[in-house]
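Participant: Predicted coordinates and the sequence they were generated for:
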Amino acid sequence: MLRIDPNAALNRVLAIINRSFPTYLITAAPWTHPGDERATKVVQRIVSDYEMYVGRLVDLLLERRSLEGFGDYPMAFTDTNDLGLDYLVSELIFYQKQDIAELEQCIAQLKSDPTGKALAEEILGNARGHLQSLEELQAQPAATAS
């Protein structure tokens, strides 16, 4: 029977949230215009929450002497440089859904680690909440246009 290392799954969770698309956008500083304030706040909130979770994951992994690294940004993110935040909301949703699916896979590998699983499930719940906020941003222009 194949034994899954829960620390490897936690390191993957760390890489997912530490190198997320919202985190990339904060450093890449997308073009914004008046009216993007709400979207900017949503992205900043995602990044703020992820930074907190990165700290908690790092503490846990250091305690276990199992920190492998922080991950790299996917090269595909560079295709979004110089695009407007209003346009990037759909990209944020796409990548958030992708991250949620990966987090779910990691949680499935944490059955033997109640502490790690609880933290990963908390992160997943947070990510789902942020997806809902992003989807509300996308729906807002349609609601205000009618």
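Facilitator: Cool, got the structure. Residues are numbered from 1 along each chain as shown.

Participant: Name the surrounding residues that touch stretch 60-70.
Facilitator: By Cβ atoms under 8 Å, 6 or more residues apart in numbering, the residues outside stretch 60-70 that reach it are 7-8, 10-11, 14-15, 18-19, 54, 58, 115-116, 119. Quick note: C-beta positions are derived from backbone N, CA and C, even for glycine.

Participant: Buried residues, it. List them.
Facilitator: Judged by neighbour count (16 or more other Cβ atoms under 10 Å), stretch 60-70 contains these buried residues: 60, 61, 67.

Participant: now the residues you listed in TSV, with distance to residue 88 and secondary structure?
Facilitator: Shown next, in TSV, are those (distance: Cβ to Cβ, whole Å; DSSP: H, G, I helix; E, B strand; the rest coil):
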residue	distance to residue 88	secondary structure
60	32	helix
61	31	helix
67	31	coil
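
Participant: quick one: low-confidence ranges for the protein?
Facilitator: Along the chain, the model assigns pLDDT under 70 to residues 1-2, 141-146.

Participant: all helices of it, in order?
Facilitator: Here the chain has its helices, by DSSP state H, at 6-18, 21-28, 37-63, 85-108, 114-145.
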